[in-house]
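Colleague: Below: sequence and its predicted model.
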Amino acid sequence: MLPISAAMDNSRASHGLVQWHGTTIIGVRKGDRTVVAGDGQVSMGNTVMKPNARKVRRIGEGDKVVAGFAGATADAFTLFERLEKKLEQYNGQLLRAAVELTKDWRTDKYLRNLEALMIVADKDNLLVLTGNGDVLEPDGGIAAIGSGGNYALAAAKALSDYEDDPEKIARRAMEVAADVCVFTNGNVTLETV
């Protein structure tokens, strides 16, 4: 089975579209804090199109939810908007809003074609959302998506036994991903809940 980021890249290639490599996003939950961090690089093929994109942001009423995306930018903004509407509909309950969004994402003809993944978090949850209808709560409180996601995930898991601060873990994991993945840079945006 291919990693999620590789499966996304292959699906784009099979449709004959130019490959956009979006990002690396990591979520780390430790103790009572959760951090979501992402790099700033957007690449098209072998060209860096933008080095300082902001792919992690606060959403929902009171900015109590943090979301990061990997994949096509326009698709991710569509998903941000849809998730914000679901959060409003379900009174800020992230888990319920995420489940309802992924139901729509899987069954709606328009949404089904969106090529993006999301990591979302609030004070109680850290979740990965996919277009397959998945709402995944990561084992061990660490999740990563995107081109350099596997590198960041491995680094964060290795650091987790020795470091209690989720922000330090996320920042170091992003540094490792940027050192290894050509589609990831060190221009990190980080949000904490």
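Modeller: Yep, that arrived. Residues are numbered from 1 along each chain as shown.
Colleague: So which residues of this structure form helices?
Modeller: In the chain, helices defined by DSSP state H lie at 4-14, 73-89, 94-107, 149-160, 166-180, listed in chain order.
Colleague: Format these as JSON lines; extra columns: distance to residue 113, mean neighbour count and mean pLDDT.
Modeller: Any C-beta I mention is one placed from the backbone N, CA and C, and that applies to glycine too. Converted to JSON lines, the helices of the chain look like this (distance: least, CB to CB, whole Å; neighbours: other CB atoms under 10 Å; pLDDT from 0 to 100):
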{"stretch": "helix 4-14", "distance to residue 113": "10", "mean neighbour count": "16", "mean pLDDT": "42"}
{"stretch": "helix 73-89", "distance to residue 113": "8", "mean neighbour count": "17", "mean pLDDT": "89"}
{"stretch": "helix 94-107", "distance to residue 113": "10", "mean neighbour count": "19", "mean pLDDT": "91"}
{"stretch": "helix 149-160", "distance to residue 113": "22", "mean neighbour count": "22", "mean pLDDT": "97"}
{"stretch": "helix 166-180", "distance to residue 113": "28", "mean neighbour count": "21", "mean pLDDT": "97"}
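Colleague: Make JSON lines from those helices and add distance to residue 46 to it.
Modeller: Below are these laid out as JSON lines (distance: least, CB to CB, whole Å):
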{"stretch": "helix 4-14", "distance to residue 46": "13"}
{"stretch": "helix 73-89", "distance to residue 46": "18"}
{"stretch": "helix 94-107", "distance to residue 46": "30"}
{"stretch": "helix 149-160", "distance to residue 46": "19"}
{"stretch": "helix 166-180", "distance to residue 46": "17"}
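Colleague: gap between residue 29 and residue 138?
Modeller: Residue 29 sits 8 Å away from residue 138, going by CB to CB, to the nearest Å.
Colleague: cool, and residue 66?
Modeller: On the measure of CB to CB, residue 66 and residue 138 end up 15 Å apart.
Colleague: before we move on, what about residue 100?
Modeller: From residue 100 over to residue 138 (counting by CB to CB), the distance is 20 Å.
Colleague: looking at it, residue 71 is touching residue 116, isn't it?
Modeller: Yes. The criterion here is CB atoms under 8 Å, and residue 71 meets it with residue 116 at 3.3 Å.
Colleague: beta partners of residue 145?
Modeller: residue 25 (DSSP bridges).
Colleague: And residue 71 and residue 116? Which one has more around it.
Modeller: Legend: neighbour count by other CB atoms under 10 Å for residue 71 and residue 116, higher for residue 71 (28 against 24).
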